[in-house]
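Chemist: sequence below, structure please.
(chains A and B)
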Number of protein chains: 2
Amino acid sequence: MSNKKQHHSALHEKPGISPQEIISPIAVAHIQKFRKMQPSPKQLIEGILAGNITVLSRAITLVESTNSDHLAKANEVINACLPHANKSIRIGITGVPGVGKSTFIEAFGKYLTSLGKKVAVLAVDPSSTISHGSILGDKTRMEELVKDENAFIRPSASGETLGGVARKTRETITLCEACGFDTIIIETVGVGQSETAVHSMVDFFLLLKISGAGDELQGIKRGIMEMADAIVINKADGDNIRKANLAKLEFNRALHLFPAKKSGWTPTTSTCSAITHEGISAVWKTIKQFLELTKVNHYFFEKRKEQNQYWMLETINEQLKLNFYNHPEIHQLLDSTKKAVSTDEISPFAAAQLLLETYFKK
Amino acid sequence: MSNKKQHHSALHEKPGISPQEIISPIAVAHIQKFRKMQPSPKQLIEGILAGNITVLSRAITLVESTNSDHLAKANEVINACLPHANKSIRIGITGVPGVGKSTFIEAFGKYLTSLGKKVAVLAVDPSSTISHGSILGDKTRMEELVKDENAFIRPSASGETLGGVARKTRETITLCEACGFDTIIIETVGVGQSETAVHSMVDFFLLLKISGAGDELQGIKRGIMEMADAIVINKADGDNIRKANLAKLEFNRALHLFPAKKSGWTPTTSTCSAITHEGISAVWKTIKQFLELTKVNHYFFEKRKEQNQYWMLETINEQLKLNFYNHPEIHQLLDSTKKAVSTDEISPFAAAQLLLETYFKK
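Modeler: Got it, this is the predicted structure:
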């Protein structure tokens, strides 16, 4: 077991990859052969649709690759999976470090699998390239869920840009759904633009908070509270219950200062404890109510369509920028131009014009 | 006088353009000649630096032009004005229709000119192309300020895009500052992305609210409250004073749920009446305190540098998108591709890839 824990990195592929757990040498050889060979898109598609988690992991590795052959293969797999995806609920969970996201997801995920659901837990954390995964890194906090055969946990993809990480996560959702996962949880870290990215790939957005922490610990980026469909105050246990209830009231009051949501849904506030499990089932009840409302008023379906279009346009816009800023001449000119602009030697607009003329001249 | 009011449109150039107010026929001929001739960039620059408001208006008209010769001329004027700009305080004011922005700006602007300040009032309202100026359109509410020789009021530039309107407004700030205006007020409408644009061109952002209005009237876009450096509850007069004080407390409480600002400034809440003028001078006192703090901690200067760079990059990004989406082949393909994406026939990323290949092939 202790040996197994070392595998809980971004490269971990579960289950059944530890040779010592396999008795038959034939099975070992079979698995080793599979790991060495490059499965074809057809094999990947069949495996995913059959619910094979090992194949799913392989396909996700393709999605996360920077190799263009891999990406072409990944695109083929994703497009074949699309008709089988989409039958799920996608839940975004955010909160600053310290609010207990991992323990909450552990308790919430276990509750969902106990209801017969298949739960995939993904993450969007662009900082993971540098920090090697500040979230979903410490899997010891999800000890139970990791072992649950109806759960699939995949740490954040790494990437240079948030756009890259977001693309990979969004494609991973499609693969997980085609593989039979009906509840997708996407964790993010609550301090940057990653919330906007996650918000635009989920149906329901949950903000995790705690009471009695200093303001710095509650340092959720401005604007995130208004994205929330539910604010859940975690760690409502022991001496903390009274304070958590007060915090709940306060957030409730603050939420009322914001205008009605397009979904017709009124954001809720509640308390819970990932330790005593108090309030965990209520979170799921809230999400079910949200689904009932938004499927009847069609917001759910409209939003997914909009999200698809949003991601197409986002991808285009990001690629246009990459192409511009990686252009050798622009690359060379950019720093000096930025400096001239910041010291008011040239207006921002005239500077932009100069760079654009250089770019489009080619 | 009644004749003069009809001139208070986007094309109004003040002062001294009404021939009937001029006695000398020589002066009339001189002005008529000036209006017909196209002043050179040099003449415009000299006029602006000499504080000539008629010349300022002419230069702004160039900035707002879609003619490329005019824009080249405008760029020359702006770059020459840049070293003389920047010595000002730029204040953004937002609030939904009905909170009394115009009457507030009238009272606040008059107070500032009474202190010897030179006040320019601009607006960012991308909808004005359609609505022909929903804000700053009704100048009858700024009757006093319009007549004040130390005030300059210019309605929102029109434009196809927010980016276009924002560029024009930002360049107009430079011209106004070079012309000697030391206090720039930028009004916007409180319901859309225009707040983000205005927020990124001002030093201080003021959110105007009223008490006792239904939620729909308070329908400020999510996220705007957190941009605010001050929330001012207007119409705190008569029977409304008690309710305004309660609203002040409530907003104050809500503001404390947000994290500390990078500026080191704690947003304030106050009440005022544009009719009784109660609380108007306190708003200016707050802004002065903000300036003291942020000039000592250098936030003020850093933010302006960042804003310059931001506008350069924004302009580039907007132009890259325009170029892509106006490309004839893309234009032709976009609708069907969007549709395929929204019905899950193709993944958003594969669709983006197809369009990008078409674009860059050329």
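
Chemist: what sits against the residue lying closest to A:His327 once chain neighbours are set aside?
Modeler: Excluding its sequence neighbours, the residue lying closest to A:His327 (Cβ to Cβ, 6 or more residues apart in numbering or on different chains) is A:Tyr359, at 5.7 Å. C-betas here are computed from N, CA, C, even on glycine. By Cβ atoms under 8 Å, 6 or more residues apart in numbering or on different chains, the residues touching A:Tyr359 are A:Phe324, A:His327, A:Glu329, A:Ile330.

Chemist: quick one: buried ones out of these?
Modeler: Buried residues within those, counting neighbours by 16 or more other Cβ atoms under 10 Å in any protein chain shown: A:Phe324, A:His327, A:Ile330.

Chemist: now the helix or strand hosting A:Leu334: buried residues?
Modeler: If you go by DSSP states H and E, A:Leu334 is part of helix A:328-342. Neighbour-count burial for helix A:328-342, with 16+ other Cβ under 10 Å as criterion, is recorded at A:Ile330, A:Leu333, A:Leu334, A:Thr337, A:Lys338, A:Ala340, A:Val341, A:Ser342.

Chemist: so which of those are also by chain B?
Modeler: A:Thr337, A:Lys338, A:Val341, A:Ser342 (Cβ under 8 Å from any Cβ of the partner chain).

Chemist: sketch out the low-pLDDT regions of the stretch 51-200 of chain A for me.
Modeler: Counting by pLDDT under 70, the stretch 51-200 of chain A has low-confidence residues at A:126-141, A:159-160, A:190-192.

Chemist: all strands for it, in order.
Modeler: A:89-94, A:119-124, A:151-153, A:183-188 (DSSP state E, counting those that start in this stretch).

Chemist: partner strands of the shortest one, parallel or antiparallel?
Modeler: So that's strand A:151-153. Note on strand A:151-153: by DSSP bridges, its sheet partners are strand A:119-124 (parallel).

Chemist: what's the angle from the partner strand to strand A:183-188?
Modeler: Our comparison of strand A:119-124 with strand A:183-188, counting by axes from the mean of the first three to the mean of the last three Cα atoms, to 10 degrees, yields an angle of 20 degrees.

Chemist: give me the angle between strand A:119-124 and strand A:89-94.
Modeler: 40 degrees.

Chemist: centre of the chain to strand A:119-124, how far?
Modeler: Distance of strand A:119-124 from the chain centroid (Cα atoms, centre = their mean, to the nearest Å) equals 6 Å.

Chemist: may I have it exported as PDB, CA atoms only?
Modeler: Output in PDB follows, covering the C-alpha atoms of strand A:119-124 (Å, rounded to 0.1, in the frame of the first residue of the first chain):
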ATOM      1  CA  VAL A 119     -17.800  10.000 -10.200                       C
ATOM      2  CA  ALA A 120     -14.900  11.500 -12.000                       C
ATOM      3  CA  VAL A 121     -12.800  14.100 -10.200                       C
ATOM      4  CA  LEU A 122     -10.700  16.400 -12.400                       C
ATOM      5  CA  ALA A 123      -8.900  19.600 -11.700                       C
ATOM      6  CA  VAL A 124      -8.000  22.900 -13.300                       C
END
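
Chemist: pretty sure A:Ser263 belongs to a helix, no?
Modeler: No: under the criterion used here (DSSP: H, G, I helix; E, B strand; the rest coil), A:Ser263 is coil, not part of a helix.

Chemist: OK, contacts around it?
Modeler: Residues in contact with A:Ser263 (Cβ under 8 Å, 6+ apart) are A:Asp229, A:Phe290, A:Leu293, A:Thr294, A:Asn297, A:Tyr299, A:Lys303.

Chemist: ok, those vs A:Ala59, which is closest?
Modeler: The shortest approach to A:Ala59 among the contacts of A:Ser263 belongs to A:Lys303, at 26.0 Å (Cβ to Cβ).

Chemist: the closest one is in contact with A:Met201, isn't it?
Modeler: No: using Cβ atoms under 8 Å as the test, A:Lys303 is too far from A:Met201 to be in contact (10.6 Å).

Chemist: which residue of the two possesses the greater neighbour count?
Modeler: For A:Lys303 versus A:Met201, neighbours defined as other Cβ atoms under 10 Å in any protein chain shown are more numerous around A:Met201 (22 against 17).

Chemist: can you say which helix or strand has the residue of chain A most remote from its centre in it?
Modeler: Going by Cα atoms, centre = their mean, the residue of chain A most distant from its centre is A:Glu345, 42.6 Å out. Using DSSP H and E, A:Glu345 sits within no helix or strand.

Chemist: count residues in the vicinity of the nearest residue to it once chain neighbours are set aside, would you?
Modeler: Once flanking residues are discounted, A:Glu345 sits nearest to B:Leu82: 7.3 Å by Cβ to Cβ, 6+ apart. By the criterion of other Cβ under 10 Å, B:Leu82 has 20 neighbours.

Chemist: right, and the helix or strand after the helix holding A:Leu334?
Modeler: helix A:348-361.

Chemist: so for that following helix, mean pLDDT?
Modeler: The pLDDT scores in helix A:348-361 average 91.

Chemist: export it to PDB, keeping only CA atoms.
Modeler: Extracted C-alpha coordinates of helix A:348-361, given in PDB (Å, rounded to 0.1, in the frame of the first residue of the first chain):
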ATOM      1  CA  PRO A 348      -1.000  52.500 -26.300                       C
ATOM      2  CA  PHE A 349      -3.100  52.600 -29.500                       C
ATOM      3  CA  ALA A 350      -0.300  53.900 -31.700                       C
ATOM      4  CA  ALA A 351       2.000  51.300 -30.300                       C
ATOM      5  CA  ALA A 352      -0.500  48.500 -31.000                       C
ATOM      6  CA  GLN A 353      -0.900  49.800 -34.600                       C
ATOM      7  CA  LEU A 354       2.900  49.700 -35.100                       C
ATOM      8  CA  LEU A 355       3.100  46.100 -34.000                       C
ATOM      9  CA  LEU A 356       0.100  45.000 -36.000                       C
ATOM     10  CA  GLU A 357       1.500  46.500 -39.100                       C
ATOM     11  CA  THR A 358       4.700  44.600 -38.600                       C
ATOM     12  CA  TYR A 359       2.700  41.400 -38.100                       C
ATOM     13  CA  PHE A 360       0.300  41.600 -41.000                       C
ATOM     14  CA  LYS A 361       3.000  42.900 -43.400                       C
END
